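# Give me coordinates for this.
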Amino acid sequence: MESRYVYNWFGLTWLVLVTMGVVADAEDPESHRSGLHHQTGKHLRLTTDVDDRPFIVELVTSFDAAVPLWEKFWNLPTGSLNDWVVDAYVMKDTERFRKEALLDYRVPDFPFGYSIGNDVWVKLQPSQYYTRHLLLHEGVHSLAFDQFGGAGPTWFMEGTADLLSTHRGIGSEISVGVIPDDRDDFAYWGRFKRMKQLRQASRIPALETVMKYEANLKGDVEAYGWSWALASMLHAYPEYRHVFLEAAHHGQDSMADFNRWCYTRLGNDWPVVQARWRNLAQDFDYGFDWTREQIQLSKQDRVWDGKPFETTVVADQGWQSIKVRLNTGMKIQLTASGEVTLDDDPKPWISHPQGVTIMYSSGRPLGQLIARIVPNRSDKNDYLPPLETIKVGNESTLIIEQPCWLLLRVNDGPGALADNQGSYRVSISRL
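Numbers count the residues shown, from 1 in each chain. Presented below is the predicted three-dimensional model:
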């Protein structure tokens, strides 16, 4: 959707199909004579036929403010990007730029944007947010080639670009790397909408499927969304973050070599990576909060010996493991008790494990104790069926059909956990 790239690994040439924007401090006097506006910032030189001076200035200040954030994200030496500049063209009328020789002859017709080196062209989008998002997205691509000599395979290239272009705020107040919390503030972005459609169609890609995305996506929101989700996950978990950041320095590698490098460093934990991915792909949505949604799993979790035990499920966190693995054929009994407080507007909602039946979240009573069985072995399919969410309530019996981890949580929206209080006590026994 935002970018497509073509590598010639042996000729060391590259093209990046991108969507980008430009901006500046002072307007060139030639702007009015040509009918185009020229704005120059520290890191962007913009030419545009968009007749909206405040928006143009806001684009440049947003981009300039994002650059030091990117420098910090990638752990680059301070000042590495001081002299880095991108030339960009934001266009309402593409043909006008072509006629005035401002659109390189090598640039084909494109729906969103295109770049060659540090020259970038982008079509004006229906929302200011999305135009700005694409500007930042393609800026990350250009940075990767400038600093690392390449941007990696599709999942990493587009995942990191979307990770560092999804933003909140404008101008000097911009923050990047955010997870959208409201669709109205992220108009025309569309990632979560497409993910929801794919979940409903049982088309959740396996982790390995995402890592094998080919280049030339041609505006494929599906691939961009899942690539972003994977990049977000690898950066969120501390045990993966150093590998994720170091991978950028292998941006010139082929897809096979790049993925092999990543797998070599994550391979010992791969069943956990796969389980976390599958759970994320099921739940990623507006308001998702990584500080509350990291799942503590380990290959070292022992296989349950069948002896009864108890565990606590707190209300202000997402899915929580019972910290043992379960095997095929086990029949287990879960019995829950306790009280939690959910939300506080207009008043606190008090819930017990059965949930509050006059308030619902994801089609289930708010505050209900729910479970999810997550396989700890990959089935090797390219696409995976959605994971089943199971009511536990006060009491439930589960029959385990495959080796797995069992997760529990208090039912509430992904963006509504912070003000929750209390916990349920869950007794687990074998039948």
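# what about residue 123, how many neighbours?
For residue 123, the neighbour count with other Cβ atoms under 10 Å is 18. All C-beta spots, glycine's among them, are computed from the backbone N, C-alpha and C.
# ugh, typo on my part, it should be residue 332
A count of nearby residues for residue 332, using other Cβ under 10 Å, gives 19.
# Check the gap between it and residue 140 for me.
46 Å (Cβ to Cβ, to the nearest Å).
# likewise residue 351?
Applying Cβ to Cβ, the value for residue 351 to residue 140 is 42 Å.
# next one: residue 385
Remark: distance between residue 385 and residue 140 (Cβ to Cβ) = 33 Å.
# who's more crowded, these two?
residue 140 (26 against 11).
# Could you check which helix or strand contains the spatially closest residue to that one that is not a sequence neighbour?
Counting by Cβ to Cβ, 6 or more residues apart in numbering, residue 161 is the residue found nearest to residue 140 once chain neighbours are left out, at 4.2 Å. Element membership of residue 161 [criterion: DSSP states H and E] is helix 154-163.
# immediately after that helix, which helix or strand?
Assigned by DSSP H and E, the successor of helix 154-163 is strand 167-168.
# What is that following strand packed up against?
Counting by 3 or more Cβ pairs under 8 Å, 6 or more residues apart in numbering; DSSP states H and E, the packing neighbours recorded for strand 167-168 are helix 128-148, strand 175-176.
# picking that back up, let me know how buried the residue nearest to residue 140 is, in neighbour terms.
By the criterion of other Cβ under 10 Å, residue 161 has 30 neighbours.
# swap in residue 258?
For residue 258, using other Cβ under 10 Å, the count is 21.
# Would you double-check that it falls in a strand?
No - the assignment for residue 258 is helix, going by DSSP: H, G, I helix; E, B strand; the rest coil, so no strand is present there.
# can you map out the helices along this protein?
Here the chain has its helices, by DSSP state H, at 30-34, 53-73, 94-99, 128-148, 154-163, 191-200, 207-211, 221-236, 238-247, 255-266, 270-283, 290-293.
# contacting residues around the last one?
I take that to be helix 290-293. When contacts are taken as Cβ atoms under 8 Å, 6 or more residues apart in numbering, the neighbours of helix 290-293 outside the stretch itself are 179, 232, 236, 280, 283, 316, 317, 318, 319, 414, 417, 418.
# so which one among those residues has the lowest pLDDT?
Ranked by pLDDT, the contacts of helix 290-293 bottom out at residue 414 (88).
# Quick check: phi and psi at the nearest residue to that one once chain neighbours are set aside.
Counting by Cβ to Cβ, 6+ apart, the nearest residue to residue 414 once its immediate chain neighbours are dropped is residue 288, at 4.5 Å. The phi and psi values for residue 288, taken as degrees, to the nearest 10, are phi -50, psi 130.
# Could you do the one 10 residues further on as well?
Note on residue 298: backbone dihedrals following degrees, to the nearest 10 are phi -150, psi 140.
# That one against residue 272, yeah?
Yes - proximity of residue 298 to residue 272 meets the contact threshold set by Cβ atoms under 8 Å, at 6.6 Å.
# Of the two, which one has the most company?
With other Cβ under 10 Å as the criterion, residue 298 and residue 272 differ in neighbour count, and residue 272 comes out ahead with 22 against 13.
# so how far is residue 303 from the closest residue to that one other than its chain neighbours?
For residue 272, the nearest residue in space outside its immediate sequence neighbours is residue 297; the separation is 4.8 Å by Cβ to Cβ, 6+ apart. Using Cβ to Cβ, one gets 14 Å for the distance from residue 297 to residue 303.
# Between the two, which is the more surrounded one?
Regarding residue 297 and residue 303, a neighbour count based on other Cβ under 10 Å identifies residue 297 as having more, with 22 against 11.
# ok, now how distant is the more buried one from residue 137?
Residue 297 sits at a distance of 32 Å from residue 137 (criterion: Cβ to Cβ).
# Could you do residue 357 as well?
From residue 357 to residue 137 the distance is 44 Å (Cβ to Cβ).
# the more surrounded of the two?
Under the neighbour definition other Cβ under 10 Å, residue 357 and residue 137 were set side by side, and residue 137 has more, 31 against 12.
# For residue 218, give me the pLDDT.
At residue 218, the pLDDT value in this model is 66.
# Please apply the same query to the one 10 residues further on.
What the model reports for residue 228 is a pLDDT of 98.
# Pretty sure it sits against residue 165.
No - taking Cβ under 8 Å as the contact criterion, residue 228 and residue 165 are not neighbours in contact, 9.3 Å apart.
# What residues does residue 148 make contact with?
Shown in contact with residue 148 (Cβ under 8 Å, 6+ apart): 248, 249, 251, 252.
# Just the buried residues of the residues you listed.
When burial is judged by neighbour count using 16 or more other Cβ atoms under 10 Å, the buried members of those are 248, 251, 252.
# from the residues you listed, which is closest to residue 310?
Each of those was scored against residue 310 by Cβ to Cβ, and residue 248 proved nearest at 44.2 Å.
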